[in-house]
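In: next one to model:
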Amino acid sequence: MDKKITVITGGHGGMGKVIAGELGKETSLVLADMDENKLQQVKAALEETGYNVFTYVFDITDSAEVEALAEYAGSLGQVVNVINAAGVSPTDTHTDVILKVNALGTLNMVRAFYPIMAGGGAMINFGSVAAYTMEQDPAWTEVFEAWDEPDFYDRLLALLAPYEFDEFVKDGTAYVISKRFAMYFSQMNVMRFAKKGIRILSVSPGSYLTPMHQKLIDNQPDTAEDQLELVPCGRWGHPYEIAAFIAFLCSKGAGFIAGVDLLADAGQTANTFIEQIE
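Out: Okay, here's the model as predicted:
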């Protein structure tokens, strides 16, 4: 039982599988996602490089399935890292799914893995650069802090009532709220995780060229072009860059980094909201 385990949700996704390629150098992997065939493809590729890989099919919006994932991972060894990279965006999903996967999924993961994680590692949830486009309204905070109430989801959904006039705006706002929750809930848990010797934090990627981002480029090319113009280096991020960042955050060298959201957007947010020196 001294085997060290890293659990990665979104395990066959564009970021998840690249992160696995980094963290699999130091720990065994549990890749969790919804598509068994895709998980097996990633598992086979990683095993060719000598990694020790397990897979688990689950629905992150189902608390019982998330608890079962945590129990399974704990049966394999010491769960030292949990990378919650599962997520959906408004490019191909709508409000209900966005809130359930991004917000309830984060809640389910934190609640299920807190009891079984071993000390010395980190739990990293994924926010988004989009979360920085709107300030956190006090009404959002009030709902976020009701995370343990039985009507929590209904309260989240009610925050979107003012946007019923436009489905596009509603979906986009749902995405922002869901990622704001992932960031805020991570910070709400920093003290109790620290008592177990675990760091919890969130990372907000900018525009990385993953299959999810490619959907935005394909489905909303004008929006993608506008985004790219705001990125100071003039290119999309490479998935291996976020993977290397996550690997550092799980290392001993990042032992004093906890309870924060780390924005990895190549300066896009600063360029958008801060007047730049010419």
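In: return the list of helices and strands in contact with the longest helix that the chain contains.
Out: Longest helix in the chain by number of residues (criterion: DSSP state H): helix 167-188. In terms of contacts (3 or more C-beta pairs under 8 Å, 6 or more residues apart in numbering; DSSP states H and E), helix 167-188 is packed against helix 95-98, helix 105-113, strand 117-126, helix 138-144, helix 152-158, strand 199-205, strand 261-264. (C-beta placed from N, C-alpha, C; glycine too.)
In: endpoints of stretch 145-165, how far apart?
Out: With C-alpha to C-alpha, to the nearest Å applied, stretch 145-165 spans 27 Å between its terminal residues.
In: typed the wrong thing, it's stretch 245-264
Out: 9 Å.
In: report the central residue of this protein.
Out: Nearest to the mean C-alpha position of the chain, counting by C-alpha atoms, centre = their mean, stands Phe126 at 2.4 Å.
In: list the buried residues of the longest helix of the chain.
Out: 170-186, 188 (16 or more other C-beta atoms under 10 Å).
In: do the same with stretch 58-65
Out: In stretch 58-65, counting by 16+ other C-beta under 10 Å, buried: 58-61, 63, 65.
In: restricting to C-alpha, output that stretch in CSV.
Out: In CSV, the C-alpha atoms belonging to stretch 58-65 read as follows (Å, rounded to 0.1, in the frame of the first residue of the first chain):
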residue,chain,number,x,y,z
PHE,A,58,-17.5,7.4,-14.1
ASP,A,59,-19.9,10.4,-14.2
ILE,A,60,-18.5,13.3,-12.2
THR,A,61,-21.9,14.8,-11.6
ASP,A,62,-23.0,11.7,-9.7
SER,A,63,-21.8,11.9,-6.1
ALA,A,64,-22.1,8.1,-5.5
GLU,A,65,-19.9,7.4,-8.6
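In: show me what the residue nearest to the centre of the chain bridges to in the sheet.
Out: Val203 (DSSP bridges).
In: OK, contacts around it?
Out: Applying C-beta atoms under 8 Å, 6 or more residues apart in numbering to Phe126 gives the contacts 15, 84-87, 179, 182, 202-205.
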